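1. coords below, sequence missing:
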């Protein structure tokens, strides 16, 4: 069942999944309102959703042109639908309510441009819009989507799927533990169960945790920082947290947390200009970019790449890709495998001309070399999943670091082997052992192993495999299969690292 869920989730990007989730909530809420299950006028809900979406779209269009910034229509709809789910529905005959909706929508969009640092927004847009409205025009969000039990199953199941898709269970868990701990410490023993029940069943608790807290651009890049971020926001979110007579609302708790996240995260958005295109293997192309300013990263980390193009498919115009280049190189390298039915993003990328630009941000990832250079490693790569290893190996070559690493690189044919020049050089200069495995060659190819990378091959090539930490990168199914195989062999999960980034598919 879980395999089927993962395969289904991998067909859409994170942003498109969130979009579908929010649409499902709005449709379900409308149906419940129509049948009197929820205490709102269904026409008011429909009117509010349309008004907010229109206001967000127009405001974003204006700000993107004033600030000459790239825009993403999908994110506009996501912010609009969140606002429609947390602001109480109003009718066209309520001028105060209509003004509130427009005010919150405009300022939510404005926050992406006016309160951006290095072309990267600092605050969650929806939270900023409703928080500013509360502080200036005395109109507050009710977070009604989380306070109605009929919607709770959809909120929970859909939210859990989002967390599974982006693998942010650490963030959500630390948030929830902090909320529960704060309630337990600030509530009398007789009232703890009641306070917990109210928080879980009658507040924005789950919607806030699954949707608002996990927004990638306002989330720290590594799991220790994400855990701290979740716990910090959880303490602020707890119902009894206050400063004197001032009690924090969910949106204020999140905005304060956003400041913490910004302080500990890589800063800014970068523009990359295409310098040239290389073909390191059959149907694999390296797009080599020159950044508008130098930025630092660790070998193996990833970026969110935004490429504006017409008629994006269901995977949108934002994708996450590992950086294939090393921090020691002056250019940024993106390695992409093209298939007959490539996404609209890849097709647009293939049509880029020299000097064309792409926007990148949200540098993150824990799939990096261990701090201890004496730790023995095994790298297992499948197909284009080799890109983080190209980054790491090139870094070791450039810095002349010798580490005890064995690389297993699997492809269907020898012509599919990418970055062979880099790995061969690592063998000569650093003594790194590389095994090129090919599974679909009719006759043996010199310098390669004919067959799959399996436990037998690993044990044969690496006698001390039990002492090593395994790094696995490749297609989702391959990674999961290897993790299961290694666990069955008795390898501790703490010695298995797999490459992952939101939207991986």
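-> Arrived safely, thanks for sending. Since the model is a prediction, treat every value here as computed from it, not as a measurement.

2. so what's residue 318 closest to, chain neighbours aside?
-> residue 306 (4.9 Å; C-beta to C-beta, 6 or more residues apart in numbering). Bear in mind the C-beta positions are built from the backbone N, C-alpha and C, glycine included.

3. From what I see, that neighbour and residue 321 are in contact.
-> No: using C-beta atoms under 8 Å, residue 306 is not in contact with residue 321; the gap is 11.3 Å.

4. The closest residue to residue 452 other than its chain neighbours: what's it in contact with?
-> Spatial nearest neighbour of residue 452, chain neighbours left out: residue 439 (5.5 Å); criterion: C-beta to C-beta, 6+ apart. Contacts for residue 439 (C-beta atoms under 8 Å, 6 or more residues apart in numbering) come out as 410-412, 450-452.

5. and the longest strand anywhere in the chain, what other elements does it pack with?
-> Determined from DSSP state E, the single longest strand within the chain is strand 270-281. If you count contacts as 3 or more C-beta pairs under 8 Å, 6 or more residues apart in numbering; DSSP states H and E, strand 270-281 packs onto strand 284-291, strand 357-364.

6. List the buried residues of the last one.
-> Within strand 357-364, the residues that qualify as buried are 358-364, counting by 16 or more other C-beta atoms under 10 Å.

7. Please list the outside residues in contact with the following helix or strand past it.
-> Sequence-wise, the next helix or strand downstream of strand 357-364 (DSSP states H and E) is strand 377-382. Strand 377-382 has contacts (C-beta under 8 Å, 6+ apart) with 370, 389, 392, 403-411, 453, 458, 462, 465, 468-475, 478-479, 482.

8. tell me the average confidence for stretch 171-182?
-> Taken as a whole, stretch 171-182 has an average pLDDT of 96.

9. And stretch 283-302, by the same measure?
-> In this model, stretch 283-302 has an average pLDDT of 91.

10. re earlier: pull the distance from the longest strand of the chain to the chain's centre.
-> Offset of strand 270-281 from its chain centre (C-alpha atoms, centre = their mean, to the nearest Å): 23 Å.

11. can you list contacts of that strand?
-> For strand 270-281, the external contacting residues (C-beta under 8 Å, 6+ apart) are 119, 285-293, 295, 331-332, 335, 352-361, 411, 415-420.

12. residues of that strand that come out buried?
-> Buried residues in strand 270-281, counted by 16+ other C-beta under 10 Å: 270, 272, 274, 277, 280-281.

13. That one pairs with which strands?
-> strand 284-291 (antiparallel), strand 357-364 (antiparallel) (DSSP bridges).

14. Kindly reformat those strands as CSV containing distance to residue 165.
-> Formatted as CSV, those follow (distance: least, C-beta to C-beta, whole Å):
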stretch, distance to residue 165
strand 284-291, 26
strand 357-364, 15
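
15. same for the longest helix along the chain, what does it pack against?
-> Assignment by DSSP state H gives helix 42-66 as the longest helix of the chain. Applying 3+ C-beta pairs under 8 Å, 6+ apart, we find helix 42-66 packed against helix 14-34, helix 73-86, helix 95-114.

16. can you rerun that using 10 Å?
-> For helix 42-66, the contact count by 3 or more C-beta pairs under 10 Å, 6 or more residues apart in numbering; DSSP states H and E identifies helix 14-34, helix 73-86, helix 95-114, helix 125-136 as packing neighbours.

17. quick check: angle from the longest one to helix 42-66?
-> In this case it means helix 14-34. What separates the directions of helix 14-34 and helix 42-66 is an angle of 150 degrees, with axes from the mean of the first three to the mean of the last three C-alpha atoms, to 10 degrees.

18. List the buried residues for helix 14-34?
-> Of the residues in helix 14-34, those buried by neighbour count under the rule 16+ other C-beta under 10 Å are 14-19, 21-22, 25-26, 28-30, 32-33.

19. returning to what we had before: right, and the strands paired with strand 270-281 - which one's nearest residue 443?
-> strand 284-291 (22.9 Å; C-beta to C-beta).

20. tell me how far that closest one is from the chain's mean position?
-> Using C-alpha atoms, centre = their mean, the offset of strand 284-291 from its chain centre is 22 Å.

21. Beyond that strand, next helix or strand please.
-> strand 302-306.

22. helices or strands next to that following strand in the packing?
-> Contacts defined by 3+ C-beta pairs under 10 Å, 6+ apart place strand 302-306 against strand 270-281, strand 318-322, strand 332-337, helix 344-350, strand 357-364, helix 387-399.

23. Turn these into a markdown table, columns for distance to residue 42.
-> Shown next, in a markdown table, are the helices and strands packed on strand 302-306 (distance: least, C-beta to C-beta, whole Å):
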| stretch | distance to residue 42 |
| --- | --- |
| strand 270-281 | 45 |
| strand 318-322 | 33 |
| strand 332-337 | 46 |
| helix 344-350 | 35 |
| strand 357-364 | 38 |
| helix 387-399 | 49 |
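
24. Of those, which is nearest residue 55?
-> Residue 55 lies closest to strand 318-322 among these, at 22.9 Å (C-beta to C-beta).

25. The residue nearest to residue 318 touches residue 361, doesn't it?
-> Yes: counting by C-beta atoms under 10 Å, residue 361 is a contact partner of residue 306 at 7.6 Å.

26. anything in contact with each of the two?
-> Taking C-beta atoms under 10 Å, 6 or more residues apart in numbering as the criterion, residue 306 and residue 361 both touch 269, 318.

27. re the thing from before, just the angle for the longest strand of the chain relative to strand 302-306, thanks.
-> Using the same axes, to 10 degrees: strand 270-281 against strand 302-306 is 110 degrees.
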